[in-house]
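K.L.:
After the sequence you'll find the predicted model.
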Amino acid sequence: MRLLLVEDEPEIQDFLKQPLANAGYEVDAAKDGRSAIQLASGKKYDVLIVDLGLPDQDGIDLILQLRRSGISSPVLILSARRSVDDRVKGLEQGGDDYLTKPFALAELLARLRNLLRRNLNTSEQATRFRVLDLELDFISRRASRGKEVLNLSPQEFVLLTYLCRHAGRVVTRSMLLSEVWGMRIQPNTNVVDVHIYRLRGKVDTEGREPLIRTLRGIGYVLKDR
Amino acid sequence: MSSKTANPVMHSAAWRISLWATLAFAIGTMLVFAMLHRFVANDIQRRSDAWLTGEVEVLGDVADRTPKDRLYGQVVREVAELASREVPDKLRSNNNENDSVFFIQAGDDGTLKLWVGAGDGLPNLAAIRARKFISDVPCDLNVRGFNHPFRVASVRLDDGSHIYLGLSERDELRVLKNLRFRFFCLWLLIVLFGSAIVFFVTRRMLNHVREITEAASRIGQSDLSSRVPTGKRNDEVGHLALTLNHMLDRIESSMHQLHTITESLAHDLRSPLTAIRGKLEIVLSGDLKVEESEPIVSAIDELDRLTEFLNTSLDVAEAKADALRLSLTEVDLDELIRVMIDLYEPCMSEKGLRMNLRSSGPVTVLADAALLHRVISNLLDNELNHLPASCTVSIKLGASEDAATLIVEDDGPGFASEIGLHMFEQRVKGRDSKGHGLGLAFVKAVVRAHGGSVTASNRPEGGALLSISWPRETGEKIEAPHSLTLVNR
């Protein structure tokens, strides 16, 4: 997977490169719009990360310019602005995604995966989902571990589905809030933790191998091996 | 409102202006016509008086000189009849009988010596005798049996008898009546025509003002870049439009400046925050012992709180300057609250708190969804952080035609008395509060930016009550004059 990172802050470029490389991306970095266009016209990238505050031009203008020159790879927009302006929303509807600074690495990686999956158009419309001995049935909306059916509320089922879809990878609280509850908020209480705690009480019962793991300060992982 | 907008023309300023202008115009032209009429009437009278005095003198002369023989009566009568044919303003009448002029020679003792005219002349003489005549000034005389007064001039003869010459004012009055009728028609025409012109001119002018008002009301918080139409006029309305546009220029530039400052502040702080957070995360993802990871975890938590604090204070600052940018969408408050309760309920019950919702069904409002989400989560965070166990949080959602009302109340200890009236100010928080004291300031700022209002109080039966009123038609916050309401809708 080739990735073009367009970010003018060397600090952010530096710390992003290594985790992106670890996640399997071949990263090229550009520090302004001009060099980004040069790089993008030379090579084909599977996904782009574009910071909105570039020194020589506006990030959205850069994206539009790239789109006009025939580059259709999905873009993850990084924004230091608090409010998301309407042009970003427009791009989001066009299949791109955005992330406000500061962000969690796990969330950046998850959103990149989402973008690529959307782009590959792989059908995820499976009716069943299986992680180790945990099985989800989307038609009857039932979850079971081994032979035991788990007694989940509809909300817990959605939450578990999301964790399963990202099995083996970190999901952050803000990812859960925006994907499961549809809100980009930062509560200063542990509302999400309690949901996970309750879900874990039902999924990881006594005597079974714990599946849901908390990574303190980062998020949660559903084990897949 | 419906009765007021039933007939927009009757309530428009153009209508009122043209009504008053017409009234003034009508009175003015009426006065002019009255003066003209008076002038004409005087002139006619002067002419008939001149004729009367002239003729009566001639007749007196003739009567004096004619020998008093048998032919005297014959001669004087003929002269008088000749004179009566030269009456001024006389209308051609069908009957030959001359009833517009009479001639009387009356003796010293008041007997009728000679009579020329219609009838036998006795009522005329009686009327004359009832008054006293100064010889050379003609005056009015009402005679029984005639509908119109006569103008009568007299002259005294040497033998002591009097000659009276009377001219009926019938023709004169008819001329004046004719004149009045024409004046009235002309006046009506002028007034109607004038008022129509005034109405259409003022309406055109005020249409321009209305265009400006409409354009100005469209220029909301989110869109400061458009301008009111100026046209090519160089009059007061044109100046109004230009002044409005200059004012908008200044507002836009100061808004822009404020945004630039807050954005660059946010940007300058966020980039290092992102870098720090990322580096901490990389350290954390390595193999660390629990006691090693603990400070890093809490550092990340602190960073997140710092970011949230930065966001919120900049939002509050912008909202206070009326510069908060809103991207409005339709949000169903009922659905949102249900999702929020779903999100918060486990955490609440973990703390021993209960939640309940009373809602009358879907309530759609226009709002910036992200900000509205944060407002609700702020309120619920507040409850979570401040309520002791076994309390109940009640949420009530109601809606009227123009506002949605959200009430969040609890049966806890209520707002601390030291906060008092300052609970919506920044940095104001209770003694035991762990927050940064921005929560309610943020709530108020966002609600006010949407044109709503917030009140907070302690319930008489104990506990805190927070009530938010959210307008349902934020696009029409600007009060439009009644004449415009139809157009705007």
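P.N.:
It's in.
K.L.:
Going by C-alpha atoms from here, please, whenever you check contacts or count neighbours.
P.N.:
OK.
K.L.:
And the residue with the largest distance to the centre of chain B, which helix or strand is it part of?
P.N.:
No residue in chain B sits farther from the centre than B:Asp69, which is 87.1 Å out by CA atoms, centre = their mean. Here B:Asp69 sits in a region with no helix or strand, counting by DSSP states H and E.
K.L.:
Also the one 5 residues further on?
P.N.:
B:Gln74 belongs to helix B:71-84 when elements are defined using DSSP H and E.
K.L.:
Can you list the buried residues in that helix?
P.N.:
B:Gly73, B:Val76, B:Arg77, B:Ala80, B:Glu81, B:Ala83, B:Ser84 (16 or more other CA atoms under 10 Å in any protein chain shown).
K.L.:
who touches the helix or strand just after it?
P.N.:
Toward the C-terminal end, the helix or strand that comes next after helix B:71-84 (DSSP H and E) is strand B:101-106. Outside strand B:101-106, the residues that touch it by CA atoms under 8 Å, 6 or more residues apart in numbering or on different chains are B:80, B:84, B:112-118, B:121, B:125, B:161-168.
K.L.:
And the helix or strand harbouring B:Phe39, what does it pack against?
P.N.:
Using DSSP H and E, the element containing B:Phe39 is helix B:13-65. Under the contact criterion of 3 or more CA pairs under 8 Å, 6 or more residues apart in numbering or on different chains; DSSP states H and E, helix B:13-65 touches helix B:71-84, strand B:150-156, strand B:162-168, helix B:170-218.
K.L.:
picking up where we left off before, just the contacts of strand B:101-106 that are near chain A?
P.N.:
Filtering the contacts of strand B:101-106 for proximity to chain A by CA under 8 Å from any CA of the partner chain leaves nothing.
K.L.:
Write a ChimeraX command that selects only the buried members of the residues you listed.
P.N.:
Selecting the buried subset of the contacts of strand B:101-106 in ChimeraX, with 16+ other CA under 10 Å as the burial test, is done by:
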select /B:80,84,112,114,115,116,117,121,125,161,162,163,164,165,166,167,168
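K.L.:
I'd like to know how far the residue farthest from the centre of chain B sits from B:Val76.
P.N.:
Plainly put, B:Asp69 is 12 Å away from B:Val76 if you go by CA to CA, to the nearest Å.
K.L.:
again with B:Ser327
P.N.:
For B:Ser327, the distance to B:Val76 - CA to CA - is 108 Å.
K.L.:
cool, and A:Glu148?
P.N.:
Applying CA to CA, the value for A:Glu148 to B:Val76 is 148 Å.
K.L.:
How about B:Ala118?
P.N.:
Distance from B:Ala118 to B:Val76, by CA to CA: 16 Å.
K.L.:
Also B:Leu326?
P.N.:
As for B:Leu326, its distance to B:Val76 is 108 Å (criterion: CA to CA).
K.L.:
Can you report how many residues lie near A:Val88?
P.N.:
Neighbourhood size, A:Val88 [other CA atoms under 10 Å in any protein chain shown]: 18.
K.L.:
ok now do it, which residues does it touch?
P.N.:
Going by CA under 8 Å, 6+ apart, A:Val88 touches A:Ile60, A:Tyr98.
K.L.:
low pLDDT regions in chain A?
P.N.:
The model of chain A has pLDDT under 70 over residues A:82-86, A:89-90, A:93-95, A:119-126.
K.L.:
so where do the strands sit in it?
P.N.:
For chain A, the strands defined by DSSP state E cover A:2-6, A:26-30, A:47-51, A:75-79, A:97-100, A:128-131, A:134-137, A:142-145, A:148-150, A:170-171, A:212-215, A:219-222.
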